[in-house]
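# Test case, fold it:
(4 chains)
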Protein chains: 2
Amino acid sequence: MTEKEKFLGEFEQLLLLSILKLAENAYGSSIRQLLADVIDRDVTIGALYTTLERLEKKGMLESKMGESTRERGGRAKKYFKVNAKGQHALKRSKEALASMWENVAITQMSLP
Amino acid sequence: MTEKEKFLGEFEQLLLLSILKLAENAYGSSIRQLLADVIDRDVTIGALYTTLERLEKKGMLESKMGESTRERGGRAKKYFKVNAKGQHALKRSKEALASMWENVAITQMSLP
DNA sequence: ATCAAATAGTTTATTTTGTAGAGTAAATTG
DNA sequence: CAATTTACTCTACAAAATAAACTATTTGAT
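Residues are numbered from 1 along each chain as shown, chains lettered A, B, ... in the order given. The predicted structure follows:
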């Protein structure tokens, strides 16, 4: 049967990468901040958590609640971690895209 | 107003790249074949054309019907070509992903 | 002329992803 | 204990991806 694995969606990839980048500090708000900083993409909270939940359901990542922080105030954070399956999927997506980019040249210069 | 441009979906990227790779020979079936060959991804005909249509509607590519071929038999091909906007979008998506991959290491080795 | 085979595109419906936004919860500080 | 800060949950909807059956055009054989 060996069903062919599906590829990750675009946003899913971005979330997994964010989590990897943030390492021990990956939780909802920090992920959101990272995406805004690195690729100037504003994500609504809802978009973020629903997708994270889906990724967890698919077995790409794991989450655990953190303890309360001693910062200013605020609720406990939910930390995320990409697991082996998620890393594998990411790698596959990266490789697929890389092989598709091989020998492709963008001729166009800049655009409005 | 300057609305923030959206990124391309993953499949959209793959299609645009296929078209660039195939250059003058980019039409439905050849695109499908290329994706199967290069990234081992089987795409149904419907998936292909609906997405191509969407990309055209978004102004990322153009299409024109070809003349009948003198091969074996068969209907006329519909040729696709990525335009400046499509190239620009592709480039942006590539760069975004690249910056997200920066300093990210995949530790996992191989998986079932 | 007619029909089978080859090639290729169209249509319709459904599922999966992506998005928005209001709402809820917990902790801190005065 | 109320205001503030931080952060997550829930619900509904839109867009993208996918599937599968169907239609169209051309060639070549009979």
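# ok, the helix ranked longest in chain A near chain B or not?
As assigned by DSSP state H, the longest helix anywhere in chain A is helix A:84-101. Yes: counting by C-beta under 8 Å from any C-beta of the partner chain, chain B is contacted by helix A:84-101 at A:84-85, A:87-88, A:90-91, A:93-94, A:96-97, A:99-101. For the C-beta atoms, the positions are set from N, CA and C on the backbone; glycine is no exception.
# For that helix, list every residue counted as buried.
A:84-90, A:92-94, A:96-97, A:100-101 (16 or more other C-beta atoms under 10 Å in any protein chain shown).
# coming back round to it: arrange the residues of helix A:84-101 next to chain B in TSV, one row each, with distance to A:Thr50 as further columns.
TSV is the format used below for the residues of helix A:84-101 next to chain B (distance: C-beta to C-beta, whole Å):
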residue	distance to A:Thr50
A:Ala84	23
A:Lys85	20
A:Gln87	22
A:His88	23
A:Leu90	19
A:Lys91	24
A:Ser93	20
A:Lys94	24
A:Ala96	25
A:Leu97	24
A:Ser99	31
A:Met100	28
A:Trp101	30
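# Same list (these) but as CSV, adding pLDDT.
Shown next, in CSV, are the residues of helix A:84-101 next to chain B (pLDDT from 0 to 100):
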residue, pLDDT
A:Ala84, 95
A:Lys85, 95
A:Gln87, 96
A:His88, 95
A:Leu90, 96
A:Lys91, 95
A:Ser93, 95
A:Lys94, 95
A:Ala96, 95
A:Leu97, 95
A:Ser99, 96
A:Met100, 96
A:Trp101, 96
